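A.B. asks: model this:
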Amino acid sequence: MKRWIPFLKKPPTVAVVRLSGVIGAGARGQLSDQALAPILEKAFSRGKPAAVALELNSPGGSPVQSALIGARIRRLADEKGVPVLAFVEDVAASGGYWLAAAADEIFADESSIVGSIGVISAGFGAHEFLTRQGIERRVHTAGKSKSMMDPFKPENPEDVARLTGLLGQIHSNFIEHVQARRGDKLDQEQELFTGEVWLGKDAKEVGLIDGIGHLVPMLKDRFGKKVRLRRYGMRKSMFQRFGATVAQDALSGLEERAHYARFGL
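C.D. replies: Model (predicted):
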C-alpha cells in the first residue's frame, strides 16, 4: 500500500551491474559491448536509479571492447545524469581497469589487484619444429605484410617493429583514457603506465582508486540503510545452461583461466 501513497518518500535504488570475466567479442560468456548494451541501458534507465554500481572482476582482454563498453557507460551516465561507482573484487587489470576508470569513483578490497596499464601480444614460434619434422610451409600473399608475425616463419625485424608501433599506439590510447578519467587524483611522481599492478591500499596511494570498501556497506553508508539494490548481469542462454555447448565453453574457460593466472588467481 505504501507505494500508492504519494507523499511517502521511497528509498533510493542503486542499479548493480556485474562485469565479471574476460573482455572480448568472440566466445560466449565474455564481456562485450554487444552483450552488455541492453543490460547497461536498463540499468541506467529503469526506475531512475540514484547511482549505477559496477561490480568488477576482470583480468582484461580486448582493448577495443574495453573502450566500447567504457564509452557506453560514460555516455549513459552523462545522458541520464547518474553517477557511476566501481567496486573491484579480485582484479581489475588491463581492460578490467579501463572499465573501472569509466566510473566516477573506484573502490576495492585491500587485496584486490588493480592496474596493469599496458598492452601485450604473445604467441609462439614453430618454424624450427617444422624444419626438424621435414615439413615445408607454403604461403602465398598479395601484400608484403599480409603474413606479418606468422608463427611458422622466423621473426622478421620489420614485422616486430610494426607490431611494437601498433602496441604503442594502443598503450597511448589507454594512458589517455586513464589520465582523462582520473586526472589530478593520479600520483604524478609515480610511473603508473608500465603494466605494473598494485594491491588495494597501494592503488589508493597512487590514485588509481578512491578508497577501500565493499559494495553493500558502502552503498548503505552513502544512500541509507534502506537503499534498494537492483541487480543486472549477463545470463547464459538455454543451450549453455543445458550443456549444449560443452566443448566451446570448456575452451573459453581455459582461456579465461589463463588470463586470471597472470595475476596468480
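A.B. asks: what mean pLDDT would you report for stretch 70-89?
C.D. replies: Mean pLDDT, computed over stretch 70-89, is 98.
A.B. asks: Go ahead and measure how far that stretch is from the middle of the chain.
C.D. replies: 14 Å (Cα atoms, centre = their mean, to the nearest Å).
A.B. asks: tell me how far the ends of it are from each other?
C.D. replies: 18 Å (Cα to Cα, to the nearest Å).
A.B. asks: Report the buried residues of that stretch.
C.D. replies: The neighbour-count check on stretch 70-89 (16 or more other Cβ atoms under 10 Å) flags 70, 72-74, 76-77, 82-89 as buried. Any C-beta I mention is one placed from the backbone N, CA and C, and that applies to glycine too.
A.B. asks: and which of these is nearest to residue 200?
C.D. replies: Nearest to residue 200, judged by Cβ to Cβ, of the buried residues of stretch 70-89 is residue 88 at 7.8 Å.
A.B. asks: re earlier: counting only strands, which of the buried residues of stretch 70-89 make the cut?
C.D. replies: With strands taken from DSSP state E, the overlap with those comprises 84, 85, 86, 87, 88, 89.
A.B. asks: now the fifth one, which residues is it bridged with?
C.D. replies: Which is residue 88. residue 56, residue 108 (DSSP bridges).
A.B. asks: For this structure, name the helix or strand with the lowest mean pLDDT.
C.D. replies: helix 238-241 (a mean of 44; mean pLDDT, DSSP states H and E).
A.B. asks: so what does the lengthiest helix in the chain touch, helix or strand wise?
C.D. replies: Counting residues, the longest helix found in the chain (DSSP state H) is helix 157-182. Counting contacts by 3 or more Cβ pairs under 8 Å, 6 or more residues apart in numbering; DSSP states H and E, helix 157-182 packs against helix 63-80, helix 95-101.
A.B. asks: Report the rounded mean pLDDT for that helix.
C.D. replies: On average, the pLDDT along helix 157-182 is 90.
A.B. asks: Give me the pLDDT for the residue in the chain sticking out farthest from the centre.
C.D. replies: Using Cα atoms, centre = their mean, the residue of the chain lying farthest from its centre is residue 134. It sits 43.3 Å away. Here the pLDDT value assigned to residue 134 is 72.
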